[in-house]
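A.B. asks: I need the structure of the sequence given here:
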Amino acid sequence: MKVSQLLSRESVLVHADVPDASNALGVLVELQEAGGIITNGTAYYNAVCDRETAGGSTAIGEGIALPHACNAGVAAPGVAALGLNEGLDWGAPDGRPVDLIFMVAMPPHAQSEHLLILARLVNLLSDNNLTQALRQAQSRERFIELLARAEAERFAD
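C.D. replies: Numbers count the residues shown, from 1 in each chain. Alright, predicted model coming up:
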């Protein structure tokens, strides 16, 4: 399962202005709904917020967060991406504001795929050249193209 194949034009938004993390999560849920991934946005939003509160921040540092949840409101595996003009406080371990967010949505029966996609994202986003290029992408299509190219180069599947 490839991250780039779980993204669609409808599930990516670049250069957005969002006032806080709660609103960013809402935008990401809306992106997932637009792509047909989430069938119950309220339930999924609540699951992700619970994960952020009870499980600790999903910020991994370097301006990146990976909110995620497995939930019955998810119809199919999907990833949404949000690039921000201004970073948000997300409780990152390095204290850096988050400006690049990937939301991973998986149905409850897809736990192993969930972990695989999270691990793959962490691996890909550890490349500073890629994250800088993603931040500068001027279109949804370019964002997906950059991620797909990096994924093809890094993984042999």
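A.B. asks: what are the phi and psi values for R142?
C.D. replies: Dihedral pair for R142: phi -60, psi -40, per degrees, to the nearest 10.
A.B. asks: can I get stretch 34-48 in CSV, CA atoms only?
C.D. replies: Taking C-alpha atoms only, stretch 34-48 is exported to CSV below (Å, rounded to 0.1, in the frame of the first residue of the first chain):
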residue,chain,number,x,y,z
ALA,A,34,-14.6,15.0,-0.3
GLY,A,35,-12.5,12.0,-1.5
GLY,A,36,-15.2,9.6,-0.3
ILE,A,37,-12.9,8.1,2.4
ILE,A,38,-14.8,9.1,5.5
THR,A,39,-18.6,8.4,5.7
ASN,A,40,-19.1,9.8,9.2
GLY,A,41,-17.0,13.0,9.5
THR,A,42,-18.2,13.8,13.1
ALA,A,43,-17.3,10.3,14.4
TYR,A,44,-13.9,10.4,12.7
TYR,A,45,-13.1,13.9,13.8
ASN,A,46,-14.0,12.9,17.4
ALA,A,47,-11.8,9.8,17.2
VAL,A,48,-8.8,11.8,15.9
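A.B. asks: buried residues in it?
C.D. replies: When burial is assessed from 16 or more other Cβ atoms under 10 Å, stretch 34-48 yields the following buried residues: G35, I37, I38, T39, N40, A43, Y44, Y45, A47, V48. Yep, even glycine has a C-beta here, placed from its N, CA and C like the rest.
A.B. asks: in helices only, show me these.
C.D. replies: If you go by DSSP state H, the buried residues of stretch 34-48 have A43, Y44, Y45, A47, V48 in helices.
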